[in-house]
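> with the sequence up front, the predicted model follows.
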Amino acid sequence: MARRGRGFWAQLAFTVLVAAFLIVPVAMSITAGITANFFQGVKSGLTTRWIAEVWRLYRDTIFLSMTIALATLVVDLAIGVPAAYVLARWRGWLPRLVEEALVLPIAIPGLATALALILAYGTWREFRTSWVFILVGHVLFTLPFMVRAVLAVLSSIDLPTLEEGARSLGASFRQRFFGVVLPNVRAGILAGALMVVTLSIGEFNMTWMLHTPLTKTLPVGLADSYASMRLEIGSAYTVMFFFMIIPLLIGIQLAARPRKPATLRDEAA
Amino acid sequence: MSVAIKLVSCAKTFADGTRAVGPLDLEIPPGETIVFLGPSGCGKTTTLRLIAGLESPNPGGRVLFDEADVTEISIERRNVGMVFQSYALFPNMTVGGNVEYGLRVRKLPAAARAARVEEMLGMMKIGELRHRRVDQLSGGQKQRVALARALAPQPRVLLLDEPLTALDAKLRDALRVEIDALLRRLRMTAVYVTHDQAEAMALGDRIVVMSQGQVAQVGRPRDIYFAPQSRFVAEFVGTMNRLHGVVRNGHLEVMGGRVPWRGRGGGEVEVLFRPERAAIVEAGAGQVKGRVATSFFLGDRTRLLVEGVSSGTLVVETTDRRDWEPGQDVHLVIDPDALLTLDR
Ligand SMILES: Nc1ncnc2c1ncn2[C@@H]1O[C@H](COP(=O)(O)OP(=O)(O)OP(=O)(O)O)[C@@H](O)[C@H]1O
Ligand SMILES: [Mg+2]
């Protein structure tokens, strides 16, 4: 192997430094969450006590976050996939406009969207106090990601001709939508789904405005614990958040990888 | 099983105002292979799609299968087989899955499906590809799968839109011969779209030459070739030479000499003839004289571009083994019966 020049080592050192700069706080946080007394340091002993405490105090927020994330996913799938299909099949300026307008909920600060929702529906008490209120906010925020992920795959295949082929073979709309369209955009749906769940679980801005004392999600609870609990509890909470979010992030990476040309047996055949 | 197709004053105007086709009338007897031939944008695909049911004609136009009006029947229920230039195979299914698809949507029992898939794969000689994913196939293999898939549900007509255009020349010839044999064996009414006149000649029982959404001429390949009814057909199908000159004393006098004139009329005329109707002869024996502008050695023959006979360049072919140099004199005899006078 060729000897590496000085530039290589300088670059490596810089990269390691930056990575360390980013990772140190994470490591500190995790350590804090499992240390008996953070101010005395690790010598005070490691414990799962804080994690148990978080579980006792905040497990509702974890369940609510998961519920909302899954509900968001279901709604996004039900609306986003057909919407992407319509956008892909329908030519002209209107669909392009809709496509561009789809980024608005991402570009507008979550706080503003939340405020708008409260202004519009805040007086409808049952709705305002139920977790469905938060769900609506999350759907607004995440739907564009689902639509765009599916749309990207849809526009990379010659969908009109595929469908015409299916039609000539006698396939009804239902048959070709479920038998031809959906299976061919599976990668986009998967990527979109992981994205949506991750975004929903981590969403704080909007949720902080939308929540009520009885509808706290994990990130809201996290802020709450940072503000009012001892540092170890807040950190233990962070640890639990990591455990939920990291598998999802890895999943996104895997889903985004190009598919290997494996020889798949046709499931349906 | 095969049907007659009839188009009755079928026109198609798209939403943007483009008049792509006709109004045109056309009758295709059962079992015939008819080829739509014409330059790009002349409406071949649109006409095919009208027959398929992927487009509906303007009000007043009708599509009949065996005298039954199918104009209002959607493609899903017309029972037509389609083969596309881009193959349009389903990437989520294997070769076998693709061929089976039309049978599955018709809810045929599994055993019947399996038997038919087997038969189709065998017919197209792709049995060993059964479990392959379609993105692992060559272009030729893909088009075989597409044919098998289209034929599996026993369609009433087979519609092919430039099925060979995406393939390289050698493969195209091989598959063309095979499709020809297949269509003859199946005796299925088939409509084949191409802009390649050699393909059209080789495959078609009849050829429909189209121009700007209209039928320019319908006829057997030899009629189209030997008796074109318009300049457009004459020049689009095969190669045509133009002679410009004056008819005087029973001869057509051109720049490079004179040719006996058997036609009517007189005065200034422009006539057409096919390259193979001119022969290269020794100096002195020729009717007209020209100069070689360029020569192309094609192996079995040499193609010469000859100037000086008429205002344009003539194409002449010869099977002799001479080396033709640019600038060299060339003497020609043109068969007087080959001269076509076409006013349109
Ligand atoms: N969906 C459409 N909307 C508007 N105009 C169209 C549409 N489809 C085709 N056309 C127009 O109709 C005319 C005929 O098109 P068509 O595709 O039938 O031609 P073609 O003979 O098949 O040409 P090619 O050899 O290039 O495939 C063209 O001018 C084309 O631009
Ligand atoms: Mg075409």
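In hand now; what should we look at? Ligands and ions are numbered 1, 2, ... in the order given.
> so B:Pro23 lies in a strand, does it not?
Yes: assessed with DSSP: H, G, I helix; E, B strand; the rest coil, B:Pro23 lies in a strand.
> could you find the closest non-adjacent residue to B:Lys142?
Distance criterion CB to CB, 6 or more residues apart in numbering or on different chains; nearest residue to B:Lys142, sequence neighbours excluded, is B:Tyr87 at 4.4 Å. All C-beta spots, glycine's among them, are computed from the backbone N, C-alpha and C.
> okay, buried residues for the one helix or strand A:Phe133 maps to please.
Applying DSSP states H and E as the criterion places A:Phe133 in helix A:131-156. Going by neighbour count (16 or more other CB atoms under 10 Å in any protein chain shown), the buried part of helix A:131-156 is A:131, A:133-154.
> three-state assignment of residue 76?
Picked chain A for this. Applying three-state DSSP: A:Asp76 is helix.
> how far away is the residue nearest to it when sequence neighbours are not counted from A:Gly188?
Of all residues not flanking A:Asp76 in the chain, A:Met146 sits nearest, at 4.3 Å (CB to CB, 6+ apart). Between A:Met146 and A:Gly188 the distance, using CB to CB, to the nearest Å, works out to 9 Å.
> so what sits against both of the two?
Common contacts of A:Met146 and A:Gly188 (CB atoms under 8 Å, 6 or more residues apart in numbering or on different chains): A:Ala84.
> can you pull the contacts of the closest residue to ligand 1 within the stretch 101-250 of chain A?
Across the stretch 101-250 of chain A, the shortest distance to ligand 1 (CB to the nearest ligand atom) belongs to A:Pro160, at 10.0 Å. Contacts for A:Pro160 (CB under 8 Å, 6+ apart) come out as A:Arg89.
> mind telling me what element it is part of?
Assigned by DSSP H and E, A:Pro160 belongs to helix A:159-168.
> residues contacting whichever helix or strand comes after that helix, please?
Once the chain leaves helix A:159-168, the next helix or strand it forms, by DSSP H and E, is helix A:173-176. Helix A:173-176 is contacted by residues A:163, A:166-167, B:105 when judged by CB under 8 Å, 6+ apart.
> quick revisit: which elements pack onto the helix holding A:Phe133?
Under the contact criterion of 3 or more CB pairs under 8 Å, 6 or more residues apart in numbering or on different chains; DSSP states H and E, helix A:131-156 touches helix A:49-89, helix A:104-107, helix A:110-121, helix A:186-202, helix A:205-210.
> tell me who's in contact with the residue in the stretch 151-300 of chain B positioned nearest to ligand 1.
Of all residues in the stretch 151-300 of chain B, B:His195 sits closest to ligand 1, at 4.9 Å by CB to the nearest ligand atom. B:His195 makes contact with B:37-40, B:44, B:162, B:165, according to CB under 8 Å, 6+ apart.
> name only those of those residues that count as buried.
Buried members of the contacts of B:His195, counted by 16+ other CB under 10 Å: B:37-38, B:44, B:162.
> can you tell me which of those lies nearest to B:Leu121?
Comparing the buried ones among the contacts of B:His195 against B:Leu121 with CB to CB places B:Glu162 closest, at 24.0 Å.
> now for the nearest residue in space to the closest one that is not next to it in sequence, how many residues are close by?
Using CB to CB, 6+ apart and skipping the chain neighbours, the partner closest in space to B:Glu162 is B:Gln85 (4.2 Å). The number of residues packed near B:Gln85 is 19, by other CB atoms under 10 Å in any protein chain shown.
> likewise the one 5 residues further on?
Residue neighbour count, defined by other CB under 10 Å, stands at 21 for B:Phe90.
> could you list the low-confidence segments of the stretch 201-344 of chain B?
The stretch 201-344 of chain B contains residues with pLDDT under 70 at B:344.
> contacts only, for the residue nearest to B:Lys142.
B:Tyr87 makes contact with B:134, B:139, B:142-143, B:145-146, B:166 under the criterion CB under 8 Å, 6+ apart.
> out of these, which is nearest to B:Ala115?
Nearest to B:Ala115, judged by CB to CB, of the contacts of B:Tyr87 is B:Val145 at 17.9 Å.
> next, the contact list for the closest residue to that closest one other than its chain neighbours, please.
In this structure, B:Val145 finds its nearest non-sequential neighbour in B:Val95, 5.2 Å apart by CB to CB, 6+ apart. By CB under 8 Å, 6+ apart, the contact list for B:Val95 reads B:121, B:126, B:129-134, B:137, B:145.
> to what extent is residue 219 buried, counted in neighbours?
Defaulting to chain A. Neighbour number of A:Pro219 under other CB under 10 Å is 20.
> my bad, chain B
Look at B:Gly219: counted by other CB under 10 Å, it has 18 neighbours.
> kindly report the same for the one 3 residues further on.
The criterion is other CB under 10 Å. On that basis, B:Arg222 has 10 neighbouring residues.
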